[in-house]
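Chemist: just to be clear, the model below is a prediction. Sequence and coordinates:
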Amino acid sequence: MSDPTLLVVDDEPAIRRLLRTTLASQSWRILEAGSGEQALQRASETPPDLVLLDLGLPDMDGVEVLRQLRRERPNLPVVILSVRDDERGKVAALEAGADDYVTKPFSMAELIARLRNALRHGLQQEGTVPLFTSGDLTIDLVRRQIFRNGEELRLSPREWDILRMLVRYAGRVLTHQTIMKQLWGPTGDVQQLRVYIRQIRQKIEPDPERPRHILTETGVGYRLL
């Protein structure tokens, strides 16, 4: 497989230089853009495999750039990189289609891991696969079965609906609002969702207090790994 192409969109030359130097050594092909318009032009001329997008651009809001990228390529993985660490900024970016969110200052090791994770899951069209496997966990969406270490587990219909949605978008952060709107419509309640997540973890996690499959993004939502 050829090296993946990453489009880095950030208005700070020092950040782009750091990312170009480090990621090129990790076998990424790097494209750069310092503005929203330039990012859209680069993405059109040389379609990337993945985009690392800063929200605070000089000419366009990063969320609008994200929306335009999504309109052209709905399955293009996009990871947000920004100094904005507030809940509202994260939620806006994620609900606009971002796959993940990393806040400056960042750990390069964590960033690389999240980029690889987003790229891997982006290869699955809309994240939908008939059989999902992660460590000791196997989920068969066609037969509606779930196994841990070969032992079949029993979930309630609502627990299954939540888990199936997480599987469809495995690796992506799903906000509370996104999950509730999909499953309950306008009457969803965050506390009710947390109860169901806790019940699912009790069944699928070896240690529900230290989950490794369903991770919490504090104040934002959940991610299935």
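Modeler: In hand now; what should we look at?

Chemist: ok, which stretches of the chain are strands?
Modeler: For the chain, applying DSSP state E gives strands covering 5-9, 29-33, 50-54, 78-82, 100-103, 131-134, 137-140, 145-148, 151-153, 173-175, 214-217, 221-224.

Chemist: now mean neighbour count, distance to residue 66 and mean pLDDT too, for these, in a markdown table please.
Modeler: Every residue, glycine included, has its C-beta placed from N, CA and C. Rendered in a markdown table, the data for those read as follows (neighbours: other Cβ atoms under 10 Å; distance: least, Cβ to Cβ, whole Å; pLDDT from 0 to 100):
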| stretch | mean neighbour count | distance to residue 66 | mean pLDDT |
| --- | --- | --- | --- |
| strand 5-9 | 24 | 10 | 94 |
| strand 29-33 | 18 | 13 | 93 |
| strand 50-54 | 25 | 6 | 94 |
| strand 78-82 | 24 | 6 | 88 |
| strand 100-103 | 19 | 11 | 88 |
| strand 131-134 | 15 | 26 | 84 |
| strand 137-140 | 19 | 29 | 90 |
| strand 145-148 | 18 | 33 | 91 |
| strand 151-153 | 11 | 36 | 92 |
| strand 173-175 | 21 | 14 | 90 |
| strand 214-217 | 16 | 17 | 93 |
| strand 221-224 | 23 | 17 | 92 |
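
Chemist: output the ones you listed in a markdown table; the columns should cover distance to residue 39.
Modeler: Supplementary listing: the strands of the chain in a markdown table, determined by distance: least, Cβ to Cβ, whole Å:
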| stretch | distance to residue 39 |
| --- | --- |
| strand 5-9 | 4 |
| strand 29-33 | 4 |
| strand 50-54 | 7 |
| strand 78-82 | 11 |
| strand 100-103 | 17 |
| strand 131-134 | 32 |
| strand 137-140 | 36 |
| strand 145-148 | 40 |
| strand 151-153 | 44 |
| strand 173-175 | 21 |
| strand 214-217 | 25 |
| strand 221-224 | 25 |
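
Chemist: closest to residue 208 out of those strands?
Modeler: Nearest to residue 208 among those is strand 214-217 (9.5 Å), distances taken as Cβ to Cβ.

Chemist: now that closest one, how far from the centre of its chain.
Modeler: On the basis of Cα atoms, centre = their mean, to the nearest Å, strand 214-217 is displaced by 11 Å from the centre of the chain it belongs to.

Chemist: ok, residues contacting that strand?
Modeler: By Cβ atoms under 8 Å, 6 or more residues apart in numbering, the surrounding residues in contact with strand 214-217 are 90, 101, 166, 173, 197, 200-201, 204-205, 222-225.

Chemist: poorly predicted segments of the chain, please.
Modeler: Low-confidence segments of the chain, defined by pLDDT under 70, are located at 1-2, 84-86, 121-130, 142.

Chemist: separation between the residue of the chain most remote from its centre and residue 137?
Modeler: In the chain, residue 151 marks the outermost C-alpha relative to the chain mean, sitting 28.8 Å out by Cα atoms, centre = their mean. Taking Cβ to Cβ, to the nearest Å as the measure, residue 151 and residue 137 are separated by 11 Å.
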